[in-house]
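[1] Dropping the sequence and predicted coords here.
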Amino acid sequence: MLDRLLSKPSRRPASLTLVLAGGLIAAGVEGARILFRNLNLFRPSRRPISSWNPADYGIDPACVSEVSFESADGHLLHGWYCRAAEPVASLLYCHGNTGNLTNSAPAIPGLLAAGLNVFSFDYRGYGRSTGIPTISGLIEDSIAAAEEHEKVRPNDLPSILFGYSLGGAVALQLSHHWRFDGLVLQSTFTNLREMARHRYPRIGIHYVAGGEFDGMAAIGRVEVPTVVVHGTDDKTVPSWMGERLFEACHHGRELVLVDGGAHTNLFAIDPDRVVASIRRLALRIRSWGRVAETSGALPARARYPVRKGLRRLIRALRRAPEGGAAQGAPVTQA
């Protein structure tokens, strides 16, 4: 028996090789996924396009309230609540992946003129909001923004969720956590895998892009009237993605295709048509004579008391040497 044991070839080297090979493959897949997301999903900026003064974007500062609120894990988030003179609805605006809320601020005057209040906010890592953007973090931030929106908007106004580009993907996830009266998706992609296939057709990045932000799966569960707006010449998110999202809608859908519209210029080349579609949605909801009861609509939120406490402590320590941060001053990253 001893001779047989001594003569039996050891399998340890082969097993170790397989383990190492599997680890390298897994690391490579995860590295490719991280690279794709960092290059395509998050492009935040701390700097405003012009300034943090709403007047520089054609918005009357008298109608703007600057809002600060916290995410569940303690990030301090920044937003503007802009009030129309004769509002017919209130929008929660989820902006795209680039810059911060000032990038989309030029669209706000037209929305206000149409009687649409606008609550625009920055995700973590964008503008004056603390932190670093992540997929799960953006969803947490949008839930916190929905909660804050309920505090600042008039209760008798319909609440409409508006998502632009990446913000549309965020909005679709948020729509399953908070009840809104209507949904607007502008230049929104179907899912990360199809975006990866579109951006890198000759590389198999779509195999590792991940299943998060699956708009096609999410929109099938949306139970409110939806407007889908897309440019026919959008090279970033092709219009067929918007059309597929529209086809998957089940409740009071409307498709607005802007001829010649690119990814970023729909409010510049055909603002009347885009804004009119959103106002139509608001008036249709008002004609039903009801506004969604959002109280208690939010499922139990994840709580992170330790993280929140630590981030509050860090912010307090950073402010202490200066005697406290000035109201409205840019917040620093925690």
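    Looks like it arrived, so ask away. Residues are numbered from 1 along each chain as shown.
[2] all strands for the chain, in order.
    Secondary structure of the chain, counting by DSSP state E: strands at 43-44, 64-70, 76-82, 89-94, 98-99, 116-121, 159-164, 182-186, 226-231, 254-258.
[3] List the contacts of the fourth one.
    Residues from elsewhere that reach strand 89-94 (CB atoms under 8 Å, 6 or more residues apart in numbering): 104, 111, 115-121, 142, 145-146, 149, 153-154, 157-164, 167-168, 170-171, 174, 180-182, 184, 278-279, 281-282, 285-286. Using the backbone N, CA and C atoms, a C-beta is placed for each residue, glycine as well.
[4] repeat that for 6 Å
    Contacts of strand 89-94 with the rest of the structure, by CB atoms under 6 Å, 6 or more residues apart in numbering, involve 116-120, 142, 149, 153, 157-163, 167, 170-171, 282.
[5] quick revisit: let's have the strands of the chain in JSON lines, adding distance to residue 237, mean pLDDT and mean neighbour count.
    Conversion of those to JSON lines gives the following (distance: least, CB to CB, whole Å; pLDDT from 0 to 100; neighbours: other CB atoms under 10 Å):
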{"stretch": "strand 43-44", "distance to residue 237": "15", "mean pLDDT": "96", "mean neighbour count": "16"}
{"stretch": "strand 64-70", "distance to residue 237": "29", "mean pLDDT": "97", "mean neighbour count": "16"}
{"stretch": "strand 76-82", "distance to residue 237": "24", "mean pLDDT": "98", "mean neighbour count": "24"}
{"stretch": "strand 89-94", "distance to residue 237": "15", "mean pLDDT": "98", "mean neighbour count": "28"}
{"stretch": "strand 98-99", "distance to residue 237": "13", "mean pLDDT": "97", "mean neighbour count": "18"}
{"stretch": "strand 116-121", "distance to residue 237": "20", "mean pLDDT": "98", "mean neighbour count": "26"}
{"stretch": "strand 159-164", "distance to residue 237": "10", "mean pLDDT": "98", "mean neighbour count": "27"}
{"stretch": "strand 182-186", "distance to residue 237": "10", "mean pLDDT": "98", "mean neighbour count": "27"}
{"stretch": "strand 226-231", "distance to residue 237": "8", "mean pLDDT": "98", "mean neighbour count": "26"}
{"stretch": "strand 254-258", "distance to residue 237": "13", "mean pLDDT": "98", "mean neighbour count": "19"}
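[6] mind putting those in CSV, distance to residue 133 included?
    Putting the strands of the chain into CSV (distance: least, CB to CB, whole Å) gives the following:
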stretch, distance to residue 133
strand 43-44, 6
strand 64-70, 16
strand 76-82, 12
strand 89-94, 13
strand 98-99, 11
strand 116-121, 13
strand 159-164, 16
strand 182-186, 20
strand 226-231, 24
strand 254-258, 28
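[7] Residue 254: what's it in contact with?
    Going by CB under 6 Å, 6+ apart, residue 254 touches residue 227.
[8] ok, the spatially closest residue to residue 88 that is not a sequence neighbour - how many residues close by?
    The shortest distance from residue 88 to any non-neighbouring residue, by CB to CB, 6 or more residues apart in numbering, is to residue 115 (4.2 Å). Residue neighbour count, defined by other CB atoms under 10 Å, stands at 18 for residue 115.
[9] give the contact list for residue 115.
    Shown in contact with residue 115 (CB under 6 Å, 6+ apart): 84, 86, 87, 88.
[10] Residue 86 versus that one, what's the distance?
    When CB to CB, to the nearest Å is the yardstick, residue 115 and residue 86 sit 5 Å from each other.
[11] cool, residue 215 as well?
    With distances taken as CB to CB, residue 215 is found 33 Å from residue 86.
[12] out of those two, which sits in the more crowded spot?
    Summary of the neighbour comparison: residue 215 and residue 86, criterion other CB under 10 Å, with residue 215 having more neighbours (26 against 7).
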